[in-house]
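>>> what shape does this take:
(one chain, ligands or ions: 1)
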Amino acid sequence: MGNIFEITSINSIVKDFNKSHRVLNGLNVNGVNKMKYSIWVTTDCNLRCLYCYEGQEKQHLSISRQVSDDILRFMQRDLIEDNNKELLIDFHGGEPFLNIQEIKYLVRKILEKFGQARKVQFATTTNATIMEEDILDFIVQYIPDVSVSLDGTERTHNF
Ligand code: SF4
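Below you'll find the predicted structure:
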């Protein structure tokens, strides 16, 4: 992963969570009241797409274990009065699987903490270029909703 710095503050992530909460809280998704959390596990990426929303000079920031634990605590507080909701957890980047260890940790902990009382579904958006066997096995087992960003020629993604 090269020169990775860890994100050690949850402040910006909480802002994203709050935004998702405002946008999605109370909405019906396919007839079911669901709560969605989008978790940006890294800003790093192995590609260089023309249109990249992270910009061309990536910050190489990835969430740390400390931030993952802060996220779990935030969800626990946030969900106290939302017992009937299903959970949608969406892993984003950068290329999220450059931080596979925190995705695995969060999936395990989220299922432990919330999986008994709620249906939990995982999703991700990936460029699908680092699909090593252990990553593929993990996706097949835990992440049924996978969006692959393929938007042009090789030059479009690596200009
Ligand atoms: S795959 Fe996504 S994060 Fe990576 S360079 Fe392309 S648009 Fe940016």
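>>> show me which residues of this structure are close to the ligand?
The chain comes close to the ligand at residues C45, L47, R48, C49, C52, E54, G93, G94, E95, N127, S149, H157, as judged by C-beta under 6 Å from any ligand atom. (Each C-beta comes from the backbone N, C-alpha and C, glycine too.)
>>> got a winner among the residues you listed for most neighbours?
G94 (25 neighbours; other C-beta atoms under 10 Å).
>>> quick one: end-to-end distance for stretch 118-131.
End-to-end distance of stretch 118-131 (C-alpha to C-alpha, to the nearest Å): 29 Å.
>>> buried stuff in it?
For stretch 118-131, a neighbour-count test (16 or more other C-beta atoms under 10 Å) marks R118, V120, Q121, F122, A123, T124, T125, T126, N127, A128 as buried.
>>> mark which of the residues of the chain next to the ligand are part of helices, please.
Among the residues of the chain next to the ligand, the members found in helices (DSSP state H) are H157.
>>> I'd like the residues of the chain next to the ligand as TSV, with pLDDT and distance to D137 appended.
Shown next, in TSV, are those (pLDDT from 0 to 100; distance: C-beta to C-beta, whole Å):
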residue	pLDDT	distance to D137
C45	95	22
L47	94	23
R48	92	28
C49	93	27
C52	92	28
E54	83	27
G93	93	20
G94	93	22
E95	96	18
N127	95	19
S149	90	22
H157	90	25
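>>> ok, of the residues of the chain next to the ligand, which one's closest to R108?
Closest approach to R108 among those (C-beta to C-beta): G93, at 19.6 Å.
>>> show me the contacts for the closest one.
Counting by C-beta atoms under 8 Å, 6 or more residues apart in numbering, G93 touches W40, V41, T42, T43, D44, C45, E54, N99, T125, T126.
>>> and for I100?
Residues near I100 by C-beta under 8 Å, 6+ apart: D134, I135, F138.
>>> switch the residues you listed over to JSON lines; also include pLDDT.
Shown next, in JSON lines, are the contacts of I100 (pLDDT from 0 to 100):
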{"residue": "D134", "pLDDT": "95"}
{"residue": "I135", "pLDDT": "96"}
{"residue": "F138", "pLDDT": "98"}
